[in-house]
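>>> quick one: sequence and predicted model below, then my questions.
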Amino acid sequence: MVINWYGEGCFKIQTGGLSLLTDPFESGTGLTPPRGKVEVTVKTLTPWPIKNDAEPESRVISGAGEYEAQGVIIEGFGLPKESSEKFLKTVYKAVAEEITIGLLGHISEELTPEALDALRDSHIIVLPAGGRPFINQEAAAKLIKQLNPKIILASFFKVPGLKRGGSDWKLLAEELGQKAEVLEKLTIRRKEITEQKGVRFVTLSI
């Protein structure tokens, strides 16, 4: 499995012959949007009612429910307290190559009990590391300890060119007492995760 990052909450997860993209963004962010074909797009924040604006050949996953795409199993859990009549927030559990990934997307508060139970002990947890308007670093650190992942993968933190405000990922690392590995991409196998000692805090470069 190979994971690349484009900024904000946008990751490309390549597993087998499938490319899965999370939370693509527009150029108005100040960052360069992802390019190229993907088979599946997962959105953790979407306008309500849901509209499919992706390319015809790309499948879009939005909202709570169970999904399957080329052997990748995805389960969505709604965040009703963070959703409104205009938009819907969802977190996901994705399983590929026997690796479980928790995609916490745009989360700004605690998980629901159902989502917390489903995502506990995930191999990889992807969550905002740059604080407001998303979950603050103190609450994020508390949540990570509840979820007990092997790898923490940072999203939504301040990078050069990003127009919106935000903090550095280092504040979350300090809360956790962790030193981050800064990588161009994350390449991981199930065997490596099971043999891993301790927790890895990973940030990817654009």
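Perfect, I can see it now.

>>> pairing partners for the longest strand anywhere in the chain, with directions?
If you go by DSSP state E, the chain has its longest strand at strand 87-96. Partners of strand 87-96 in the sheet, by DSSP bridges, are strand 45-47 (antiparallel), strand 72-78 (antiparallel), strand 99-103 (antiparallel).

>>> and A115, which of those strands is closest to it?
For the strands paired with strand 87-96, proximity to A115 was assessed by CB to CB; strand 72-78 is nearest, at 3.8 Å. Heads up, the C-betas are built off the backbone N, CA and C, glycines and all.

>>> re the thing from before, wait, which of the strands paired with strand 87-96 is closest to K158?
strand 45-47 (19.0 Å).

>>> buried set for the closest one?
The neighbour-count check on strand 45-47 (16 or more other CB atoms under 10 Å) flags L45, T46 as buried.

>>> pairing partners for the following helix or strand past it, with directions?
Next along the chain after strand 45-47, taking DSSP states H and E as the criterion, comes strand 59-62. Sheet pairing of strand 59-62 (DSSP bridges) gives strand 40-43 (parallel).

>>> just the strands paired with strand 87-96: most buried one?
With neighbours defined as mean count of other CB atoms under 10 Å, the strands paired with strand 87-96 peak in mean count at strand 99-103, which reaches a mean of 24.

>>> which parts of this protein are helices?
Using DSSP state H, the helices found in the chain span residues 113-119, 137-147, 170-176, 190-195.

>>> any low-confidence regions in the chain?
In the predicted model of the chain, residues 49-57 satisfy pLDDT under 70.

>>> and for F87, the neighbour number?
As a burial measure, F87 scores 13 neighbours (other CB atoms under 10 Å).

>>> dig out what it forms beta bridges with.
P47.

>>> isn't it right up against W48?
Yes - contact status for F87 versus W48: in contact at 5.6 Å, counting by CB atoms under 8 Å.

>>> how about the helices of the chain in CSV, adding mean neighbour count and distance to V182?
Conversion of the helices of the chain to CSV gives the following (neighbours: other CB atoms under 10 Å; distance: least, CB to CB, whole Å):
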stretch, mean neighbour count, distance to V182
helix 113-119, 16, 25
helix 137-147, 18, 18
helix 170-176, 19, 11
helix 190-195, 12, 18
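
>>> dump these into a markdown table; add distance to A69 as well.
Output for those, formatted as a markdown table (distance: least, CB to CB, whole Å):
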| stretch | distance to A69 |
| --- | --- |
| helix 113-119 | 19 |
| helix 137-147 | 24 |
| helix 170-176 | 31 |
| helix 190-195 | 19 |
